[in-house]
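S.K.: sequence unavailable; structure follows:
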C-alpha cells in the first residue's frame, strides 16, 4: 500500500502533473512527472497544504480507465502500480507530483512488464542511465 502522505488525491494536483509536467510513454503506461517547485512564477506556493519552508514528499496518483478492463482488472492494475511506485519513492525528488496512466494493454501485462515500463519511463524523466 502507498503511504497516505505519498498519495495524490486532489484534482488540481493531477492536472498540474499532467499539464505542466514532463511525459514519458511506454507500451503499457504513460508517466507524467512534475518536479517540485516551491513557488510558482507569480510567487505563491504551488502546494497550499505544505507548511512554509517545508518541501512535501513525492506524491503519486493513478489513472486506470475502463479501456483497461472491467473493475476487477482495473483494481488489479492499480494495486500492482501502487506496489511498484512504493518501491521507487526514494528515487523521486521531494515535492514532485507523478501521475501514471495505464493504457489498454496494461490489464494483460504481468507485474514484471509493468515494472520494466515504469523503470524505463522514470529513467527518461529523471535523466538516469538508459
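M.R.: Cool, the structure landed. All of these numbers come straight from a predicted model, not from anything done at the bench.

S.K.: wait, residue 1 sits on residue 82?
M.R.: Yes - counting by CB atoms under 8 Å, residue 1 touches residue 82, with 6.6 Å between them. Every residue, glycine included, has its C-beta placed from N, CA and C.

S.K.: can you give me the helices for the protein?
M.R.: 11-20, 71-88, 111-126 (DSSP state H).

S.K.: now do the buried residues in the last one.
M.R.: Right, helix 111-126. Residues of helix 111-126 classed as buried: 113-118, 120-122, 124-125 (neighbour count, 16 or more other CB atoms under 10 Å).

S.K.: next one: stretch 76-92
M.R.: 76-78, 80-82, 84-85, 92.

S.K.: next one: stretch 13-31
M.R.: For stretch 13-31, using 16+ other CB under 10 Å, the buried residues are 13-14, 16-18, 21, 24, 26, 28-31.

S.K.: touching that stretch from outside, list them.
M.R.: Stretch 13-31 is contacted from outside by 8, 32-35, 46, 59, 61, 63, 81, 97-103, 105-106, 109, 113-114, 117-118, 120-122, 124-125, using CB atoms under 8 Å, 6 or more residues apart in numbering.

S.K.: swap the cut-off to 6 Å and go again
M.R.: 32-34, 61, 97, 99-101, 103, 105-106, 109, 117, 120-121, 124-125 (CB atoms under 6 Å, 6 or more residues apart in numbering).

S.K.: try stretch 112-128
M.R.: Under CB under 6 Å, 6+ apart, the answer for stretch 112-128 is 22, 24, 26, 28-29, 31, 33, 80, 84.

S.K.: quick one: closest of the helices of the chain to residue 54.
M.R.: helix 11-20 (16.6 Å; CB to CB).
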